[in-house]
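S.K.: please find the sequence and the predicted model below.
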Amino acid sequence: MVSRRDLLVGTAGAALVSQLGWVARLGAAEPAMLLVPMDDDQQNHLKAYGLAYAALKAGGKGEWLLNYRGGSFLIPDLPEVRKRAALDGVTVEGVDDSAIGSIRSELAGGNMDSVVLEKAPTVAVYSPPKSPPWDDAVTLALNYAGIPFTNVWDDNVIQGDLSKYDWVHLFHEDFTGQFNKLYINSRGAPWFIEQVERDQDMAKRLGYPTVPGLKKDVAAHIRQFVDRGGFLFAMCGATETLDLALAAHEVDIDGPFSDGTPVDPDADAKLDWSRALAFQNAHIEMSPSVNAMSDIDGHQANVPSRKQPLGAFTLFAFSAKFDPVASMLIQNHRSVIPDFYGVTTSFMKSTLKASDIVLAFEEGAPWVKYVHGDAGKGSWTFLGGHDPEDPQHSIGNPATDLALHPNSPGYRLILNNVLFPAAKKKPLKT
Amino acid sequence: MLRRHSLKTALAVFAVLVPGARASAQDTANAVLGRAYDLEQKGQWAAAVESYQRALHSGRPEAAVLGLERVYAEMGHSDAMVPILDSAIVAWPRDPILRSAQLRVYRALLRPGDERLAFERWVRDAPRDATPYREYAQLLLEEGRASAADSVLDRAERALGSGRELILETAQLRATLGLWEPAARAWRAALDTAGDIAAAAAYSLRPTPDSLRPTVRAVLLAPPVSLGSRRAMADLELSWGSARAGWAALADLRPDSGAVMEWEQYGEAAVGAGEWLVARDAFRSVLTARPGSPAHAADLAARAASAAMHGGDAVSALALADRAGTGMDSALVARTILPVRVQALAALGRSADAEHAARAYGHWLDESGRATLTREIAWGYVRAGDIARARAAVSASALADDEELGGWLALYAGDLKAARVALRRAAAPSADLVTALAFLARTRADSAPVAGRAFVQLARGDTVAAARTFVEASDVVRDAAPLLLATAARLHEARHEDAAAVPLWRTVVERYADAPEAAEADLEWGRALKRGRDVSGATARWEHLILTYPESALVPQARRELESARQSTPTTS
């Protein structure tokens, strides 16, 4: 998988190669290219990602023009590509060599750069066999953009199937095994009962005495996937609970509903944060009747007395030439995006590790929204919140129809993460 | 003797003076209060404060305190209420109005700790009273602190030995917390003893999610039958868009006076919601069970007839109109019953009877009223296919110069030239008018009896014949052929006859690719294929539309269909 150093070297190399290639192309016929603008000229930003992905999947190569017209793509101008663009309503512009040359000059002169997109990543979404009564923003985005993915669940993870994929997505899952503490308000709901039974059956089938035991091991496998070079993208409650599960590997942080025993009163002191990806020194929510996991979440949306109002978050501006990874993850046609609640909405700065890269923050707030980091040979990105176009989402609400939000800046952040693993470069040999 | 007499006199004088004295003090208090209120209304806050403070000590403490609370709030000096209330409560410790005011003032001052303490002192001073719990819970609920309110009500139940006195607050709270089944149970308990809160119960339970509505229904409809819970259920169903289910909740009530009154009110509500046939049934049930006075019965029958007609039930409308007219004087018949009667008769193809009725009672109406009747009669003849009698009815009336009606009659006769002019300024919008105007604008032909025949069949509601005749007309009126074929296809689709529609859509696409109807034909052909489970065929049609007619206004719909076929967007029901 690509590391930041690889990309740094690779991006500089790509610029050099493309300049040389451009010179070499003089007098030689070159396939024409399509520019897929990602600024306000684009009619459908979300499907544009699908178009770029499809071009890669068909064996073509493309480029991601970081910070150029909202993070545009350059992809081969082929009849199938044009047809898909027309059918999907994606704005494309044919560009000849001269236009490409102008673009490259512009990239060279500003905080912009080009990253080669080589291979369509294989995508897995960790989600239960029967959808719960809420929706996964990432699944919605992938379906809408037409990017294929495979569903995986606990049995697949424990069996080691994650190694088959480049990119894994986590969403609502409570890796501490406490069912997101939904027993507080939804204990009698048929879907909740079914979920508990399903998880208990799975735990029993895989040889675990309790659901928390199973979920913590699943978390450990996910961590292993990242360490071995995988890319992880997590949203909502999965962000916080994954790290809590990793840190609480040998500690009982679950209330009696989950495992029949109370929370270890010394849990905080016993957590091993070196196992976690993003967070450290957080405090477990000791009360099983308070609908929060820890103090990692800044907004505490499900605890009425602590709930913080929503504001807006700002995408950090990185140097495209020196921080291509972070730049890729924040490509957008908007720099300030309205915030949205989730089981975990935001991440308190005080709980972040020093090595975390903050990708988006709320001005003046003690929390951040979007963070990224490396772990082993792989990397991870966490985005707080449930659905960028449904800020006050509640269980039972209808799914967001992305056809009504084809230019969603929030959903672009999700899709940036899907395409990011496609940027693979081997280091140049000097 | 004199002393006794003097004593008697003194006593008599005193007996007169004391009640009078008492009355005088009361008058003084009322006068002071009245003056204070006037000053408050005029915005003279400082003077109002002075008057209210005087009233505080003149025997009307509650009204004075409430007045001071309002005025000090306007002045931004709510903190001045604190010592006033402290003193007042010492003097009248059991007065709930003063205690409630104290809670509100602390809330307004954002002093939750003092608010809590005030509540605790109230409970201590009135340990068997539900009022402190009720008031405090209500305030907490208003602050959005539903969990805290819940705790207070729980405590009340333990302290008072039962939650019965606070069942209303419990019901509201449970609904606020989204605990729909417990909320329904609490409302049911309250409704069984106080039926007049049905509207409040329905309002509170309205946000129940779809998945939990069966549970709420089961609770409210469970035996024993109670008027309050049935009325709440009916209101709920109406708000949920299920007026018929709402009527079912009421219809099997024993027809006592309370139930019948609810039926009539539900009928009115159904009229307001446009649920005509439900309204018809409700009014008819009242008429059957307890018609009341002849005037009331006639009025009910008229309302039922009108509802039936609005709902398209001409048979019932006629029967009810006849019943309403029995025993009514002619002028009243003309004003209230005749329009519905004529409408029903015309709808039932009995235009001659409608004409007879209009002649018998029409003179009681003004010209506009008679014109309305004539219009109904003319349309009745048109629907029966008798254009000549329709024309005769019109020409014999004040509608002889009515351009729009004349235009329609010309079109039905195939006189496109006259219709083109006369219908240009037609006011009454309808789907048939849109089709007619589009056709008349598209073709240059001056005459086309076959097209006129098709429009008559359309007006009669004979869509099968109309579709067939529009196709026939497409071979005659060639310059409007794609439009006529598309019209025929739409009629088949309205009847879910895809097998008949598809060949027509195909003809438009293949033979008239440049026509304005071609994009629609591609879209609808695709939809028909999808319904026939030929998803790949459907996809091909929509792709063809998008790629061939990229500027068409139907492209977004085609994209939507493609996304739905690929399941790339959530399905909506």
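M.R.: Right, received. Where do you want to start?
S.K.: around chain A, pick out the residues from chain B.
M.R.: Taking C-beta under 8 Å from any C-beta of the partner chain as the measure of proximity, chain B contacts chain A at B:144-147, B:177-179, B:181, B:209, B:211, B:543, B:546-547, B:550, B:555-556, B:559-560, B:562-563, B:566-570, B:572. Glycine gets a C-beta too; all of them are placed from N, C-alpha and C.
S.K.: again, only using 10 Å
M.R.: Applying C-beta under 10 Å from any C-beta of the partner chain, one finds that chain B approaches chain A through B:144-148, B:177-179, B:181-182, B:209-212, B:215, B:539, B:542-543, B:546-547, B:550, B:555-556, B:558-560, B:562-564, B:566-573.
S.K.: in helices, which of the residues you listed fall?
M.R.: Counting by DSSP state H, those place B:146-148, B:181-182, B:215, B:539, B:542-543, B:546-547, B:555-556, B:558-560, B:562-564, B:566 in helices.
S.K.: just the buried ones from those residues?
M.R.: Among these, the ones that count as buried by 16 or more other C-beta atoms under 10 Å in any protein chain shown are B:146, B:148, B:182, B:539, B:542-543, B:546, B:555, B:558-559, B:562-564.
S.K.: chain neighbours aside, what residue packs nearest to residue 259?
M.R.: Picked chain A for this. Leaving aside its chain neighbours, A:Asp259 sits nearest to A:Thr210 (4.3 Å; criterion: C-beta to C-beta, 6 or more residues apart in numbering or on different chains).
S.K.: that's the wrong chain, I meant chain B
M.R.: Closest to B:Ala259 by C-beta to C-beta, 6+ apart is B:Leu253, at 3.9 Å.
S.K.: what do you get for A:Tyr53?
M.R.: Using C-beta to C-beta, 6+ apart, the closest residue to A:Tyr53 is A:Ile147 (5.0 Å).
S.K.: same check on A:Leu404?
M.R.: A:Glu389 (7.9 Å).
S.K.: got the phi and psi for the one you found?
M.R.: Per-residue torsions, A:Glu389: phi -110, psi 20 (degrees, to the nearest 10).
S.K.: ok, now which ones touch it?
M.R.: A:137, A:140, A:338, A:340, A:400-402, A:404-405, A:408-411 (C-beta atoms under 10 Å, 6 or more residues apart in numbering or on different chains).
S.K.: now, which of these sits nearest chain B?
M.R.: A:Asp401 (5.5 Å; C-beta to the nearest C-beta).
S.K.: circling back: are any of the contacts of A:Glu389 buried, and which?
M.R.: By 16+ other C-beta under 10 Å, the contacts of A:Glu389 give A:Ala137, A:Leu140, A:Phe340, A:Thr400, A:Asp401, A:Leu402, A:His405, A:Ser408, A:Pro409, A:Gly410, A:Tyr411 as buried.
S.K.: confirm the second one sits in a strand?
M.R.: No: assessed with DSSP: H, G, I helix; E, B strand; the rest coil, A:Leu140 is helix; it does not lie in a strand.
S.K.: hang on, isn't B:Ala222 packed against B:Arg188?
M.R.: Yes: under the contact definition of C-beta atoms under 10 Å, B:Ala222 touches B:Arg188, with a separation of 7.6 Å.
S.K.: so which of those two has more stuff around it?
M.R.: Set B:Ala222 next to B:Arg188 and count neighbours by other C-beta atoms under 10 Å in any protein chain shown: B:Arg188 wins out with 22 against 13.
S.K.: assign that one to helix, strand or coil.
M.R.: helix.
S.K.: pLDDT wise, what is whichever residue of the stretch 51-200 of chain B sits closest to chain A at?
M.R.: For the stretch 51-200 of chain B, the residue closest to chain A is B:Ser147, as judged by C-beta to the nearest C-beta, at 6.2 Å. Note on B:Ser147: pLDDT of 77.
S.K.: which phi and psi does the closest residue to chain B within chain A have?
M.R.: Chain B sits closest to A:Ala399 of chain A, with a gap of 3.8 Å, by C-beta to the nearest C-beta. Backbone torsions of A:Ala399, given as degrees, to the nearest 10, read phi -70, psi 150.
S.K.: same check, this time on A:Gly94
M.R.: Backbone torsions of A:Gly94, given as degrees, to the nearest 10, read phi -70, psi 130.
S.K.: in a strand, A:Trp64, correct?
M.R.: Yes: according to three-state DSSP, A:Trp64 belongs to a strand.
S.K.: in chain B, which helix or strand is least confident?
M.R.: helix B:2-41 (a mean of 64; mean pLDDT, DSSP states H and E).
S.K.: next SSE after it?
M.R.: helix B:45-56 (DSSP states H and E).
S.K.: for that following helix, what is the distance to the chain centroid?
M.R.: Remark: helix B:45-56 is offset 46 Å from the chain centroid, using C-alpha atoms, centre = their mean, to the nearest Å.
S.K.: how about residues contacting that helix?
M.R.: Contacts of helix B:45-56 (C-beta under 10 Å, 6+ apart): B:28-42, B:44, B:60-72, B:74-77, B:80, B:84, B:87-88, B:91.
S.K.: and that helix, what's buried?
M.R.: Buried residues in helix B:45-56 (16+ other C-beta under 10 Å): B:Trp45, B:Ala47, B:Ala48, B:Val49, B:Ser51, B:Tyr52, B:Gln53, B:Arg54, B:Ala55, B:Leu56.
S.K.: send the alpha carbons of it over as PDB?
M.R.: The C-alpha trace of helix B:45-56 is given here as PDB (Å, rounded to 0.1, in the frame of the first residue of the first chain):
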ATOM      1  CA  TRP B  45     -44.800  49.300  33.800                       C
ATOM      2  CA  ALA B  46     -43.700  51.200  36.900                       C
ATOM      3  CA  ALA B  47     -47.200  52.400  37.600                       C
ATOM      4  CA  ALA B  48     -48.600  49.000  37.000                       C
ATOM      5  CA  VAL B  49     -46.100  47.500  39.500                       C
ATOM      6  CA  GLU B  50     -47.200  50.000  42.100                       C
ATOM      7  CA  SER B  51     -50.900  49.100  41.600                       C
ATOM      8  CA  TYR B  52     -50.200  45.400  41.600                       C
ATOM      9  CA  GLN B  53     -48.300  45.700  44.900                       C
ATOM     10  CA  ARG B  54     -51.200  47.500  46.400                       C
ATOM     11  CA  ALA B  55     -53.500  44.800  45.200                       C
ATOM     12  CA  LEU B  56     -51.200  42.200  46.800                       C
END
